[in-house]
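Trainee: can't give you the sequence, but here's the structure:
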C-alpha cells in the first residue's frame, strides 16, 4: 500500500487537494485523454499538492485505465497521494457486493473520496431512497473502505443547500461519515451559490456541532469560490479542494493557484513544500497547454497581465519603489512585472533568454534591438516563442550571423526549398472502399544537389514529414534518428471562418533530447511546414552538423 | 445643472458606481474611442447603475471630448449621473488657479470623483509633498467643488496599504475629506492584495472611527474583488465601484455583474431599478463586443457556460427538479440553462437535449438507447457533441429515421460523396515569388446528378468549402447565404507526432442563425471535411429543404 500522507507537505495538518482530473475535467470544452491526465498529474505533483483526485475508476473506461497505468508505474509521485473518487454502495445492496465500491478498491489508490448526499431532497428525488438508508449507505461504505486500509474523505454534495433546508439531517450526514471513520468530511457548495460570510458561518457551526475534521469544495457561480474557500479555512476547515486554473463545471471550481497563494502569502500558512509556490506560473500555463485552452491573461498571480502596469498615474512612480505598486513580488509566484509603456522588458527578456541558451548578447545593443524588433513583429503576427525555444534560437543565430556579415547577408541553411505539395484525397481505394490518401512531394536543394522526394502518410503533415526525411536522409544520415513526438495546432483568430490564422507547435526528438519549433500562417499545412523546417534545421545544428558540411 | 441623485435607484441610500470607462479602460488590450465610450455609457444606463464615471476631463483629449459630447446632447441618461474623475489641486497652488480642477468643473458633470493619496509613503515618494499639505489639498479641492454645486466622492488610493502602515494618517485623510463636504469617501484596494476578512475588518473600523459614508473600490489581484466588495457592504459600505465584466488594470476590477447579482439575489438589497437585473447577460455581451474582447464563456451569471450541465450524476436529477441543481434561475439574469451531451452523461441528458431541440424521445427507450450508444461510441473516438448541437441533431434524425424504417435503412442525404481531393503547394507563382496555392475538387451526387466542382482558397479547407459550395449552389441556391464564421482545431492525443487525432468544430451562419458541427479523424483535412458536410446538411435542413426536394 503506498503511503497515504502527503510526503512533501510539512505534515498532515492541512490538505491541498486537487480535483482537476475529476471535477475540473467537467469544464465545457475539456476532453482529456489518459496521457493528458498522467501529464497533468505530474505537473500537480511538481506543484506540491497533497492529494490528486484522478477520476472515477469503474465509471468510465478512461478513468479505469488512468488508475491502472498509474499503478503500473507510469506515474511516480513525489509529493501527492493519488485519490479515487466514487459513490457509496447502492440502496438495498450489501456493500461487499457493490461492483462500484469494489472498483474503488481495485484502483489501487490509497485514498478514496466518497460523494454522498447531504440534502434531504436530493436523497429523495435523485437517489430515490429513504433518509435512513442514505445514512446506512454512508456508514457501510466508509467503514468497508477504511477496513480495507483506505483513507476515506467524504464529499457532502449540496451541503450548504441541505444545511439551509434541513440542518438536522445535514449534520447527521457529517456525524455518520465522521463516526464511520472518514478522516475528513468535505462540505460542498455544489451549486456554487454561496457568499464568503455564509460559508464562514456554516463551517463554524458545523465544526462546533460535530467536531469532525472539515474540508471545503466551492464552485464559482457567484465569482466567490476562492474567497469562499479562504472563508472556510478562516472558520476552521483544514482541507481545501481546488482545480488548476479554476477549471470545472459551469463557471468552474475554486482556483488552486490564488487559493494556495493567499494561504501562503496572505494568511501565513505553509501549505506546499518549500519552493513550490514559485513554480505556479509555469505549471498553470503548462496545464492550460495540455487541456488546450488559452491561458487566461488576466488570471490572478499567473496571468500575463497580472503584474503589467499601464496607468500613467502609476508608471512614473513604479520606478521609485515597485513595492508601493504591487501586492506581492511577482517572482514569488514565478511571474514577472511588465511595463507596458516601454520595450525595456522586451530587451531584458531577450538578453536573459539568449544567456539561457548560451549566447551572451549583453554588449551588442544594436543586435539585441534587432532581435527584439523581429520577435515583436513576428509575435504581432501570432508567433509565440515562449514554447518554441528552438525556433527562437534559430532566429537568434540568423541575427548574429547578420551582424557578423552585414545587413544584406542571407543566413546559411542546411537545405533550401524549391517547392512542396501535399495532396489529400478521400476516394475509393483499390479494394473499392472509401479511404483517405495522403501524398506529399518536396523539391529541395542541399549541398548543391537538387532533391525531389515523395512521401505518403496518414495525414498531409505526416506525408510532408516523410517526404522531407526521405529527401534529406542520404545527405544528412543523422536525420534518421529524428521523430516528431508532439504536434499542436491552435487557431488564433476565431470569427473569420477558414481564414483564421493558425499556429503550429512541433516537438521533435532525436532519442535523447527534445526541441520545440513554431510555424504560423493562414494555412494549417503551410504553418506545419514551417515548424517542420525549423525542427529539422535545429536538429541538424544540434547534432553537430554545420551548414558548411 | 443636471440632477445629482440617481433617478432610477429607489433612493440615494446605496450607490452602484461604474468605472468601466475610466478604470476599466486601463485593461491591457482595451482602447476605446469616444463613440465606444458613449455606446458603453448607454448600456450601463440601461443596466440601471446610479453613476457612470466617464474619464478624466483635461487629462487626455479623448476624455475631454467625451464629456463635451455627452453635455452637448449625445448622451441622454435615464438612470445614471455622469461623473468626472480628477485629482486634487497641486501642492503649493491655490485651488482656484489649478487648471486641472477647473477642467473638472468645465466638464459639466454633476458629480466629481477626486483621487487622493491616503498612504503616507505615496504622499512622500509619488506626490513629493508633506503629509499636512496633502490634507490641505484634499480640504481645499473638496470644498471648492462642493461650493460650485458639485457632488464630491473621494477615492482614497492605496487606502488599505496606508491604513496597515500608518492608520492614524489614513483616518485623517478620511476625516478631512468628510469634513470638507465629500458625500462618500471610497476606500480603494489599489494594489488588489486584500482578502474579504481583512476588508471587512478595516471598513468596520474606519466607519466606527470616522462616521463618514464609505465606499469600496477593489482590484482583483487575489481573485477576491467581488467578495471584497460584498465584505465591505456587509461591514457598512453603501457605495460600490465596479466595472463591466471586471475589466481593469492587471487582473481587473470588481465585476459589476456578480456584485449586483449578489446584492440583489443573495443579500436581498434592491440596488438597481426594477427589471434591470434580467438585462445583465445581454449588456455584458454587448459591452464585450464594443471593447472587442471575446465574452468569457465562464463568467459568473452571464457566461455561456454559467448554467450548462454536463455531469451524468446531475443530468438525470435535473429533469426532476432543476432548482436542485442551480443556485438561481438563469432567467433572473437573462441567461438560460443548457444541457451538454457528453460521455459523462447518459440517457437522461440525451432525452433532455432532444427535448431542447424539439424532439420528444421520452417514450422510445430503444431509440434513446441507440442514440446514447452511438454518441458514446463516437465520443470514445474523440467526437464531442457538447459544442456541436447541429451534428448531434443530424445524428438524432438519422436514428429516428432508422427506427421508422427499420435497422438496415440508409438515412437520406442532401448529397452523397464520390470523392474529394485537396492540394496545397508552396512554389513560385507566375510572378516568380514563392507563394501558397490551394485547390480542391469534389465529386458529388445530388438529386440524381453527378457534380464535379473545383475551388481555390486561402487554405485547403477554404478551398474544399468553395468547391462544395460551387458544386451544390445550383441545386440548392439557399447555400449562397451560408458562411463559415468560426473554425476550431483541437489535437486530441498529443505524444504521437503527426499521427495525433484531430477534432474540428465549425460554426456556420446563414445571416440570421448560427449552428455548430463537428468532424474527427487522424487527418485534419478529412476531419474538416466531415464538419463541413454536416454544416451544409444541417443548414439545408433548417432552411426548409427536405432530402426529397
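Mentor: Here it is on my side, so go on. Computed from a predicted structure; not experimentally measured.
Trainee: pretty sure residue A:140 contacts residue A:89?
Mentor: Yes - checked against CB atoms under 8 Å, the pair residue A:140 and residue A:89 is within contact range at 5.9 Å. The C-beta positions use only the backbone N, C-alpha and C, and glycine is treated the same way.
Trainee: sec struct for the residue in the stretch 301-450 of chain A positioned nearest to chain B, please.
Mentor: Ranking the residues of the stretch 301-450 of chain A by distance to chain B (CB to the nearest CB) places residue A:327 first, at 2.7 Å. Three-state call for residue A:327 (DSSP: H, G, I helix; E, B strand; the rest coil): coil.
Trainee: who's in contact with residue A:189?
Mentor: Contact partners of residue A:189, counting by CB atoms under 8 Å, 6 or more residues apart in numbering or on different chains, are A:159-160, A:199, A:216-219, A:228.
Trainee: please redo it, this time with the cut-off set to 7 Å
Mentor: Residues counted as contacts of residue A:189 (CB atoms under 7 Å, 6 or more residues apart in numbering or on different chains) are A:160, A:199, A:218-219, A:228.
Trainee: Sort out for me which of those are in helices.
Mentor: With helices taken from DSSP state H, the overlap with those comprises A:160, A:199, A:228.
Trainee: Could you pull up the residues touching the last one?
Mentor: To tie it back to what came earlier, the one meant is residue A:228. Neighbouring residues of residue A:228 by CB under 7 Å, 6+ apart: A:189, A:194, A:196, A:199, A:218.
Trainee: intersection of neighbour lists for residue A:140 and residue A:89?
Mentor: residue A:95.
Trainee: Name the nearest residue to the residue in the stretch 51-200 of chain A that chain B sits nearest to, sequence neighbours excluded.
Mentor: At 2.7 Å from chain B, residue A:193 is the closest residue in the stretch 51-200 of chain A, using CB to the nearest CB. Distances taken as CB to CB, 6 or more residues apart in numbering or on different chains put residue B:327 closest to residue A:193, at 2.7 Å, once the chain neighbours are dropped.
Trainee: okay, the one you found: pLDDT?
Mentor: We have a pLDDT of 93 for residue B:327.
Trainee: before we move on, back to that, would you agree the residue of the stretch 301-450 of chain A closest to chain B is in contact with residue B:194?
Mentor: No - using CB atoms under 7 Å, residue A:327 makes no contact with residue B:194, being 8.1 Å away.
Trainee: So for the two, which sits in the more crowded spot?
Mentor: Between residue A:327 and residue B:194, residue B:194 has the larger neighbour count (other CB atoms under 10 Å in any protein chain shown), namely 28 against 23.
Trainee: roughly how far apart are the more buried one and residue B:187?
Mentor: Here residue B:194 is placed at a distance of 10 Å from residue B:187 (CB to CB, to the nearest Å).
Trainee: What of residue A:126?
Mentor: Distance of residue A:126 to residue B:187, given as CB to CB: 45 Å.
Trainee: Comparing those two, which shows the higher neighbour count?
Mentor: residue B:187 (31 against 21).
Trainee: what about the more buried one, which SS state?
Mentor: Secondary structure state of residue B:187, per three-state DSSP, is strand.
Trainee: Please, where are all the helices along the stretch 351-500 of chain A?
Mentor: With DSSP state H, counting those that start in this stretch, the ranges of helices along the stretch 351-500 of chain A come out as A:365-381, A:389-405, A:460-473.
Trainee: Which residues outside the second one are in contact with it?
Mentor: Right, helix A:389-405. The contact list for helix A:389-405, computed with CB under 7 Å, 6+ apart, reads A:353-354, A:357, A:359, A:364, A:367, A:370-371, A:374, A:385, A:409, A:411, A:515-518, A:534, A:537-538.
Trainee: Filter those down to the buried ones.
Mentor: Neighbour counting with 16 or more other CB atoms under 10 Å in any protein chain shown marks A:353-354, A:359, A:367, A:370-371, A:374, A:385, A:515-518, A:534, A:537-538 as buried within the contacts of helix A:389-405.
Trainee: Residue A:86 - nearest residue in space that isn't next to it in sequence?
Mentor: The shortest distance from residue A:86 to any non-neighbouring residue, by CB to CB, 6+ apart, is to residue A:104 (4.4 Å).
Trainee: Quick one: list the elements packing against the helix or strand encompassing that neighbour.
Mentor: Element membership for residue A:104 (DSSP states H and E) is helix A:99-106. Here helix A:99-106 touches strand A:81-87, helix A:131-147, going by 3 or more CB pairs under 7 Å, 6 or more residues apart in numbering or on different chains; DSSP states H and E.
Trainee: and among those, the most buried is which?
Mentor: strand A:81-87 (a mean of 25; mean count of other CB atoms under 10 Å in any protein chain shown).
Trainee: Centre of the chain to the longest helix anywhere in chain A, how far?
Mentor: Counting residues, the longest helix found in chain A (DSSP H) is helix A:524-542. Here helix A:524-542 is found 25 Å from its chain centre; the criterion is CA atoms, centre = their mean, to the nearest Å.
Trainee: quick one, it and helix A:460-473 angle?
Mentor: With axes from the mean of the first three to the mean of the last three CA atoms, to 10 degrees defining the directions, helix A:524-542 sits at 30 degrees from helix A:460-473.
Trainee: Report the buried residues of helix A:524-542.
Mentor: Buried residues in helix A:524-542, counted by 16+ other CB under 10 Å: A:524-541.
Trainee: Keep these, but drop any that are not near chain B.
Mentor: Contacts with chain B are made by A:524-526, A:529 out of these, judged by CB under 7 Å from any CB of the partner chain.
Trainee: Give me the lowest-pLDDT entry from the residues you listed.
Mentor: The member of those with the lowest pLDDT is residue A:524, at 84.
Trainee: quick one: contacts for that one?
Mentor: Contacts of residue A:524 by CB under 7 Å, 6+ apart are A:489, A:502, B:459, B:489, B:524.
Trainee: Just those: which are in strands?
Mentor: Applying DSSP state E to these, the entries found in strands are A:489, A:502, B:489.
Trainee: Now, of those residues, which are buried?
Mentor: A:489, A:502, B:489.
Trainee: ok, for the first one, nearest residue in space, not its chain neighbours?
Mentor: Meaning residue A:489. residue B:489 (4.7 Å).
Trainee: can I assume the one you found is in contact with residue B:502?
Mentor: Yes - assessed by CB under 7 Å, residue B:489 is found in contact with residue B:502 at 6.3 Å.
Trainee: still on that earlier bit, verify the contact between the residue nearest to residue A:193 and residue A:195 for me.
Mentor: No - contact criterion CB under 7 Å: residue B:327 and residue A:195 do not qualify, at 10.7 Å.
Trainee: Just give the closest residue to residue A:96, not the sequence neighbours.
Mentor: Nearest to residue A:96 is residue A:144, by CB to CB, 6+ apart, at 7.0 Å.
Trainee: wait, residue A:57
Mentor: In space, residue A:57 is closest to residue A:107, 3.8 Å off (CB to CB, 6+ apart).
Trainee: Could you give the backbone dihedrals for the nearest residue to residue A:481 once chain neighbours are set aside?
Mentor: Once flanking residues are discounted, residue A:481 sits nearest to residue A:510: 4.7 Å by CB to CB, 6+ apart. The phi/psi pair for residue A:510 (degrees, to the nearest 10) reads phi -110, psi 20.
Trainee: likewise the one 3 residues further on?
Mentor: As for residue A:513, its main-chain torsions (degrees, to the nearest 10) stand at phi -120, psi 160.
Trainee: For it, give me the pLDDT.
Mentor: Reported pLDDT for residue A:513: 82.
Trainee: Quick check: closest non-adjacent residue to it.
Mentor: residue A:542 (7.3 Å).
Trainee: Same question for residue A:526.
Mentor: residue B:436 (5.2 Å).
Trainee: what's the burial count for the one you found?
Mentor: Around residue B:436 there are 18 residues (other CB under 10 Å).
Trainee: Confirm for me that it is in contact with residue B:426.
Mentor: Yes - using CB under 7 Å, residue B:436 is in contact with residue B:426, at 5.5 Å.
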